[in-house]
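Sequence plus predicted model, see below.
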Amino acid sequence: MIHDPFGSANDSLIAPAREAFAVIPKDTGELTRATKAVYVDTGGDIVLRAVGSEEDVTLRNVAGGSVIAIRLRAVRATGTTAANLVGFA
């Protein structure tokens, strides 16, 4: 078992992420959990919906290797050309 000296610390929006998970774009539904940030491995466009938004927006030409500090609730397949997205929570 790993020793985590910060394991009992309270989580917050500015604390480092405790989880990493694949973000699979899909045209319906939402992610199983909101993100604190998303890593973009292969650059391109991302059609997303933020936690507090009621409509999708497109981030264009996101560079590969970028980490975007955004709380996502959905990433859409249609229009998303970026790939290998990783959510941090």
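Good, I have the coordinates. Numbers count the residues shown, from 1 in each chain.

which parts of stretch 61-76 are buried?
By 16 or more other Cβ atoms under 10 Å, the buried positions in stretch 61-76 come out as 62, 71, 72, 73, 74, 75, 76. The way it works is simple: take the backbone N, C-alpha and C, and place the C-beta from them, glycine included.

tell me how far that stretch is from the chain's mean position?
Its chain's C-alpha centre and that of stretch 61-76 lie 6 Å apart, by Cα atoms, centre = their mean, to the nearest Å.

likewise stretch 14-25?
Distance of stretch 14-25 from the chain centroid (Cα atoms, centre = their mean) equals 6 Å.

First-to-last residue distance for that stretch?
Using Cα to Cα, to the nearest Å, the end-to-end distance of stretch 14-25 comes out at 25 Å.

Now stretch 5-25: buried residues?
Residues 23, 25 are the ones in stretch 5-25 that count as buried (16+ other Cβ under 10 Å).

pretty sure residue 60 is touching residue 45, no?
Yes - between residue 60 and residue 45 there is a contact under Cβ atoms under 8 Å: 5.2 Å.

Counting neighbours around each, name which of the two comes out higher.
Between residue 60 and residue 45, counted using other Cβ atoms under 10 Å, the more crowded position is residue 45 (14 against 10).

which is the next helix or strand following the strand or helix carrying the more buried one?
Per DSSP states H and E: residue 45 is located in strand 44-50. Where DSSP H and E defines the elements, the next helix or strand beyond strand 44-50 is strand 57-62.

what about dumping the CA coordinates of that next one to PDB?
Backbone C-alpha positions of strand 57-62 (Å, rounded to 0.1, in the frame of the first residue of the first chain) are rendered in PDB as follows:
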ATOM      1  CA  VAL A  57     -18.800  25.500 -26.800                       C
ATOM      2  CA  THR A  58     -15.800  24.700 -29.100                       C
ATOM      3  CA  LEU A  59     -12.200  25.300 -28.100                       C
ATOM      4  CA  ARG A  60     -10.400  25.500 -31.400                       C
ATOM      5  CA  ASN A  61      -6.800  24.400 -32.200                       C
ATOM      6  CA  VAL A  62      -6.000  23.200 -28.700                       C
END
